[in-house]
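Trainee: Take this sequence and fold it.
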Amino acid sequence: MKTIAYLRISTDAQDYQSQRNQIEAWNAIHGPMQIEYISDAASGSVPWQERALARALETLAAGDTLIVSEVSRIARSVVGVLTFLEKTMTAGIQVIACRNNLRFGDNIQSKVTVTILALAAEIERELIRDRTKAALAAKRARGEALGRKVGQVVALKLDGKREEIVRCLAARVSKRAIARMLGVSPTTLALWLSRQVAGDGDTKTADIFDSGSQS
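Mentor: The predicted model follows:
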């Protein structure tokens, strides 16, 4: 069984040692495991699929383990953490977050936790929608024009989520799970995918959309 510890810092002013100390302290109590360390200097706002975390995941197989000092090392958003955990659980890879001694694997407790995270993601989206509504109300109160310009094509709700959807489809996340994470119905996602297949000039990306629309 292989174990990789992922260490991430966001700025040069930070260092990896505190994360490593936390992981080694956890391992001394709950291990011992032979740990391989991977370091990454990247903002948590960068999708995990574009960081060293994704490359580390590619080297792991069912039964292996990935350790982080805390969940925030995976991603800053609940949606980002959720997509990562869905990927690892599907692959049979255990994820350990040392700070709170959290373990995510193919078991009922992990599935309950992921369900709760999905709910948290939905709450996060609701808060964003509320802030958006408040901002629009403030604009209306100031007499600013709202809505689209005449002749402008109406954009689907998912148009701003293109990159995230591509990453999820490439990682074989189910359409139902993607729709739930993005706060839309499976029907809305299916409509969006069909439009991308019809209009995408990038053959490789269009193939991903096409496979998603058929799944």
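Trainee: mind checking how far Thr132 is from Lys139?
Mentor: In this structure, Thr132 and Lys139 are separated by 11 Å, where distance is defined by C-beta to C-beta, to the nearest Å. Quick note: C-beta positions are derived from backbone N, CA and C, even for glycine.
Trainee: for Glu163, same thing?
Mentor: Relative to Lys139, and taking C-beta to C-beta, Glu163 is found at 28 Å.
Trainee: do Lys161 as well
Mentor: As it turns out, when the distance is counted by C-beta to C-beta, Lys161 lies 23 Å from Lys139.
Trainee: which of those two has more neighbours?
Mentor: The residue with more neighbours, out of Lys161 and Lys139 and counting by other C-beta atoms under 10 Å, is Lys161; that gives 19 against 12.
Trainee: From Trp48, how far out is that one?
Mentor: Spatial separation of Lys161 from Trp48 under the definition C-beta to C-beta is 16 Å.
Trainee: repeat for Glu126
Mentor: Using C-beta to C-beta, one gets 24 Å for the distance from Glu126 to Trp48.
Trainee: which of these two has more neighbours?
Mentor: For Glu126 versus Trp48, neighbours defined as other C-beta under 10 Å are more numerous around Trp48 (24 against 11).
Trainee: Could I get the contacting residues of that one?
Mentor: The contact partners of Trp48, taken as C-beta atoms under 8 Å, 6 or more residues apart in numbering, are Ala54, Ile74, Ala75, Gly80, Thr83, Phe84.
Trainee: Surely the second one and Leu82 touch.
Mentor: This means Ile74. No - using C-beta atoms under 8 Å as the test, Ile74 is too far from Leu82 to be in contact (9.8 Å).
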